[in-house]
Each structure stands twice: as C-alpha cells, then as structure tokens.
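Engineer: My questions are about this predicted structure, shown below with the sequence.
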Amino acid sequence: MARPGTALFALALVACGTRASEAPREHVAADADFAHFDRWLAFDRGPDSVPPIHPGGVSTVYLSARPPQGARAFPVGTMIVRVTRGGDDARWEAHAMVKRGAAYNPTGARGWEFFELHLDLGDDGVRVPTISWRGESPPMGDGYTAPQGGALLSCNHCHSTADANDFVLGDELDLRAF
C-alpha cells in the first residue's frame, strides 16, 4: 500500500519540473556541443560559396536539427557550423552560430551568438572542434576585411541583413524550405 506522502511528493516533483514541450529560454554552447557536428544535416555549398569575405575553398554547412515545419524562427539551441576547406589542413576555416536566446545580441542578429572553431585532428583522424572565440562579434582585431578594403566587418554586418530568415544566410537554410 502506497503511503499518502509518496503520492504528494511525486505530484510536487512533476509540478516543479519543466514540461518536455517547453523550449529552453537560453542555450550557452560549449566545446562538447560541437562534437560530431559533421554528423548533422549537411548542405554542400561548393567552391567559393561566400566570397569575397571568407577565404576561397569548398564550403559545407551543418545544421544540428531541422526547425519545425512552418517555423518563422529557428528554435533556441539550434547550431549551425560552416566549414570552408582550403588546400591544406591549415587553411580550413570553421565558423558557427548558435541560437542562444532572444535577449542575446539585441542590436545585431537577435538571439544568435557567433563562434570561430579550431578543428584539431584527433588521433583517430576525426576533427575535434574547440571554440577559439565567441560572442556578438569577433575579438578586437579579428574579423573580415571589407571587399573594397577599409574597416573590418563583424558577423552582424552580414547576418543582420537576413532578418526575414531569423538572421541566417543561405538558400539551403531558408525557413520556408523546411
């Protein structure tokens, strides 16, 4: 026979918990979140897919999970990694953006945090990503030179132009296509 206190305790635990259908309000990514990104949904962008800001090479974009059909924004926790492969391993470039939450990056690509990833080649031949920098923009002195020369650009300079697609660039990641 169950004790009356046991049922009350179980009810209290359920009432205090978060419902499975509730989305997280914030997602702060760590190195481990990027592990095995190459197993995510992949989109081959081909050669020189984001010139002239990013270096030439063959680019692939990885998406951690498809957004719900009909979504007008990517869910908090969505992770996108773009890898551009140059000739040798030293010329590979990896950048990411993570939907951290609505209050993050309020004057740029609202809700998104940007990353540069360093891809170390592990003993097993698998690339292991580690975060080189993160934030609303690259650290001082890091960024992209404008095509016409001049000031360095940050991630927000380009991504803020894609507000109709939740600040995500690229036809393959158009929310209307999911």
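Structural biologist: All right, it came through fine.
Engineer: Double-check residue 28 against residue 99; I have them as touching.
Structural biologist: No - counting by C-beta atoms under 8 Å, residue 28 sits too far from residue 99 to count as a contact (11.3 Å). Any C-beta I mention is one placed from the backbone N, CA and C, and that applies to glycine too.
Engineer: Between these two, tell me which one has more neighbours.
Structural biologist: Shown here are residue 28 and residue 99; by other C-beta atoms under 10 Å, residue 99 has more neighbours (29 against 12).
Engineer: who does that one bridge with?
Structural biologist: residue 112 (DSSP bridges).
Engineer: Tell me who's in contact with it.
Structural biologist: For residue 99, the contact set (C-beta atoms under 8 Å, 6 or more residues apart in numbering) comprises 27, 74-79, 111-112, 166.
Engineer: Take those residues and lay them out in a markdown table including pLDDT, neighbour count and secondary structure.
Structural biologist: Shown next, in a markdown table, are the contacts of residue 99 (pLDDT from 0 to 100; neighbours: other C-beta atoms under 10 Å; DSSP: H, G, I helix; E, B strand; the rest coil):
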| residue | pLDDT | neighbour count | secondary structure |
| --- | --- | --- | --- |
| 27 | 96 | 19 | coil |
| 74 | 98 | 27 | coil |
| 75 | 98 | 16 | coil |
| 76 | 98 | 17 | coil |
| 77 | 98 | 17 | coil |
| 78 | 99 | 23 | coil |
| 79 | 99 | 20 | strand |
| 111 | 98 | 23 | coil |
| 112 | 98 | 24 | strand |
| 166 | 98 | 21 | coil |
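Engineer: Now tabulate the residues you listed in a markdown table and tack on distance to residue 142.
Structural biologist: Converted to a markdown table, the contacts of residue 99 look like this (distance: C-beta to C-beta, whole Å):
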| residue | distance to residue 142 |
| --- | --- |
| 27 | 24 |
| 74 | 25 |
| 75 | 29 |
| 76 | 26 |
| 77 | 26 |
| 78 | 24 |
| 79 | 21 |
| 111 | 22 |
| 112 | 18 |
| 166 | 25 |
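Engineer: Identify, from those, the entry nearest to residue 176.
Structural biologist: Closest approach between these and residue 176, by C-beta to C-beta: residue 166, at 11.3 Å.
Engineer: my read: that closest one touches residue 76, true?
Structural biologist: No - assessed by C-beta under 8 Å, residue 166 is found out of contact with residue 76, at 11.2 Å.
Engineer: tell me, what's touching the two both at once?
Structural biologist: Contacts common to residue 166 and residue 76, judged by C-beta under 8 Å, 6+ apart, are 99, 111.
Engineer: Brilliant, that's me finished.
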